[in-house]
Structure formats: structure tokens, C-alpha cells
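Visitor: Just the structure for this:
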Amino acid sequence: MKQGFVYIMTNPRSTVLYTGITSNLIRRIYEHKNKLIEGFTKKYNATKLVYYEIYDSIEVAIQREKQIKDGSRKKKFFLIDSLNSEWKDLADEL
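Guide: Just a heads-up that it's a prediction; the model follows:
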């Protein structure tokens, strides 16, 4: 089974949130930080990893991503605050 990651990125001022999924978190964060992929994170400069979860299967991660995306902005802020109250860039720890 392929491992899955759900993650949340934000911009330097923490005014936008992007929730994503990947099977390779290090590669994906590198792509976001270096703006290698067109889309939301490139357009809004969401280059800071502030939250992630690891799952044993990509299927479970996909379900969790949908759950997070369906939640309100307030719930996403609470989720990030619960594990990363300083909103530091967690990519430095990968």
C-alpha cells in the first residue's frame, strides 16, 4: 500500500490556506516552495507548510483531505493551532 499525506500550506502572512494530498510530502513541498506547479499555491505564494498528517494508505488520506476541505476556515485554523501554534514552517523538519 502507498502511504498518503494530507497537508496545509499558507502564505508568509498566513492569509490563505491550501489543503492538499500527496504520496511524497518532501517532493510535493519542494514543488510548492519552488513554484514548479501552476495553480493556487503559486498564484497566492502559499509556500509555508503549517500542518500535515501521515496515513498508511492514500485512500484514507483522500478521505481525510475531503473532510478537512469541507470544514470551515475557522476549523482549519484550530487544526493548525492544535499542533503548530506558532505557525512555523514544518518543511524545515522534514
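Visitor: can you give me the helices in the chain?
Guide: Under the criterion DSSP state H, the chain contains helices at 25-33, 40-43, 58-70, 73-83.
Visitor: Among those helices, which comes closest to Y52?
Guide: With distances scored as CB to CB, the stretch of the helices of the chain nearest to Y52 is helix 25-33 (6.3 Å). For the C-beta atoms, the positions are set from N, CA and C on the backbone; glycine is no exception.
Visitor: so what pLDDT did M1 get?
Guide: Model confidence at M1, given as pLDDT, is 75.
Visitor: need the contact list for it.
Guide: M1 sits next to D56, S57, I58 when contact means CB atoms under 8 Å, 6 or more residues apart in numbering.
Visitor: any idea which of the residues you listed is closest to I26?
Guide: Nearest to I26 out of those is I58 (CB to CB; 15.8 Å).
Visitor: how many other residues sit next to the closest one?
Guide: I58 has 15 neighbours, counted by other CB atoms under 10 Å.
Visitor: mind listing what the spatially closest residue to it that is not a sequence neighbour touches?
Guide: Counting by CB to CB, 6 or more residues apart in numbering, I58 lies nearest to G4, which is 3.8 Å off, once chain neighbours are set aside. The contact partners of G4, by CB under 8 Å, 6+ apart, come to I21, T22, S23, I54, Y55, D56, S57, I58, E59, V60, A61, I62.
Visitor: Okay then, goodbye and thanks.
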